[in-house]
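S.K.: attaching a predicted model along with its sequence, questions to come.
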Amino acid sequence: MDPEEASSRWHRWAVCGKTSQIDQVLSYLGANLPQAWKRLDGNDLAPFESLVKKGSTWYAFTGNSPVGAVVSLERIKDAELRGGRVLFPAPPSPGPTANVSALWDEIIRLLNHGIIPAARAAGAALRLPSSADVFFAELPIAVRDRLQAFVDAARKTLPLNREEAERWHEFVVTAFRSRTVIDGNMFVHWLTENGWQQALAKELNQRLYYESLLLSRFTDEVLAV
């Protein structure tokens with residue numbers, strides 16, 4: 001998994017419940033950790049002592065990776081768990097990008113095959129970001145605000161009326177000025193999750209592409225003068 005997407009997923013999940021349920025989550029997780037993961041305590045936790053917060057639990061991936069990953073679960077007011085710190089203690093070598101990506105895969109495996117089953121076994125409430133949530137959260141704030149303003153005002157049909165077109169153009173121009181690269185598939189997916197029919201979402205995606213291209217060509221011509 002792409003490290004940025006994995007990081008967003010890790011830092012945006014939450015498990016909520018009674019104190020006893022959160023205790024059960026940690027207990028179940030400790031007894032059913034995915035392969036090559038272990039809980040850190042005592043001397044193993046000493047190198048990270050300055051980072052340890054009250055109530056947090058720490059886990060390390062101890063597989064064949066040349067790096068190794070260490071993560072924490074942060075406990076909020078005894079009623080919530082969230083993904084906390086992520087550390088790669090040793091410098092990755094060779095192939096740092098491949099190694100870090102592989103480690104993020106292992107961290108998401110801990111979430112998918114350790115934390116989520118533990119939460120369900122304890123009957124705790126589980127909040128997980130969808131891929132569309134991650135896409136939206138990764139956009140620059142100004143771009144995100146313009147896109148949300150357009151969708152909130154839109155009738156979810158085409159053609160756009162005057163107000164919708166103005167908000168759409170504000171979004172396109174803001175994305176262009178900030179040099180934001182928008183993944184077309186994820187953009188379509190996000191639009192469909194926010195009330196657009198898929199065919200119309202694809203048409204908007206095409207419009208975004210062509211209008212961004214037009215802005216780029218216009219800018220090049222202005223700079224060339």
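M.R.: In hand now; what should we look at? Numbers count the residues shown, from 1 in each chain.
S.K.: pLDDT weak spots in this protein?
M.R.: Counting by pLDDT under 70, the chain contains low-confidence residues at 1, 64-67, 90-98, 223-225.
S.K.: packing partners of the host helix or strand of Leu29?
M.R.: Element membership of Leu29 [criterion: DSSP states H and E] is helix 19-31. For helix 19-31, the contact count by 3 or more CB pairs under 8 Å, 6 or more residues apart in numbering; DSSP states H and E identifies strand 80-87, helix 116-122 as packing neighbours. Where you see a C-beta, it was placed from the backbone N, CA and C, and this is true even at glycine.
S.K.: list the strands paired with the longest one, with their directions.
M.R.: I take that to be strand 80-87. Using DSSP bridges, strand 80-87 pairs in its sheet with strand 14-16 (antiparallel), strand 69-76 (antiparallel).
S.K.: relative orientation of the helix or strand following it and strand 69-76 in degrees?
M.R.: With elements assigned by DSSP H and E, the helix or strand that comes after strand 80-87 is helix 96-110. With axes from the mean of the first three to the mean of the last three CA atoms, to 10 degrees as the criterion, the two stretches helix 96-110 and strand 69-76 enclose an angle of 40 degrees.
S.K.: buried ones in helix 96-110?
M.R.: Going by neighbour count (16 or more other CB atoms under 10 Å), the buried part of helix 96-110 is 99-100, 102-104, 106-110.
S.K.: hang on, the earlier thing: show me how far the helix holding Leu29 is from its chain's centre.
M.R.: Helix 19-31 sits 24 Å away from the centroid of its parent chain (CA atoms, centre = their mean, to the nearest Å).
S.K.: just the CA trace of the helix or strand following it, in PDB.
M.R.: Proceeding N to C from helix 19-31, the next assigned helix or strand is strand 37-40, under DSSP H and E. What follows is strand 37-40, C-alpha atoms only, in PDB (Å, rounded to 0.1, in the frame of the first residue of the first chain):
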ATOM      1  CA  TRP A  37       4.000  -8.800  15.800                       C
ATOM      2  CA  LYS A  38       4.600  -8.500  19.600                       C
ATOM      3  CA  ARG A  39       3.700  -6.200  22.400                       C
ATOM      4  CA  LEU A  40       6.500  -4.100  23.800                       C
END
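S.K.: follow-up on the earlier one: turn the strands paired with strand 80-87 into CSV, columns for mean neighbour count.
M.R.: Conversion of the strands paired with strand 80-87 to CSV gives the following (neighbours: other CB atoms under 10 Å):
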stretch, mean neighbour count
strand 14-16, 20
strand 69-76, 20
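S.K.: if we can go back for a sec, got CSV for the buried residues of helix 96-110, with distance to Thr62 too?
M.R.: Conversion of the buried residues of helix 96-110 to CSV gives the following (distance: CB to CB, whole Å):
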residue, distance to Thr62
Asn99, 15
Val100, 17
Ala102, 14
Leu103, 12
Trp104, 16
Glu106, 10
Ile107, 13
Ile108, 17
Arg109, 13
Leu110, 12
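S.K.: which pair of these spans the longest distance?
M.R.: With distance counted by CB to CB, no two of the buried residues of helix 96-110 lie farther apart than Asn99 and Leu110, which are 16.9 Å apart.
S.K.: test my guess that Ala69 contacts Leu87.
M.R.: Yes: look at Ala69 against Leu87 with CB atoms under 8 Å: they come within range, at 7.1 Å.
S.K.: circling back: any idea which of the strands paired with strand 80-87 gets closest to Phe136?
M.R.: Of all those, the one in closest proximity to Phe136, counting by CB to CB, is strand 14-16 (17.3 Å).
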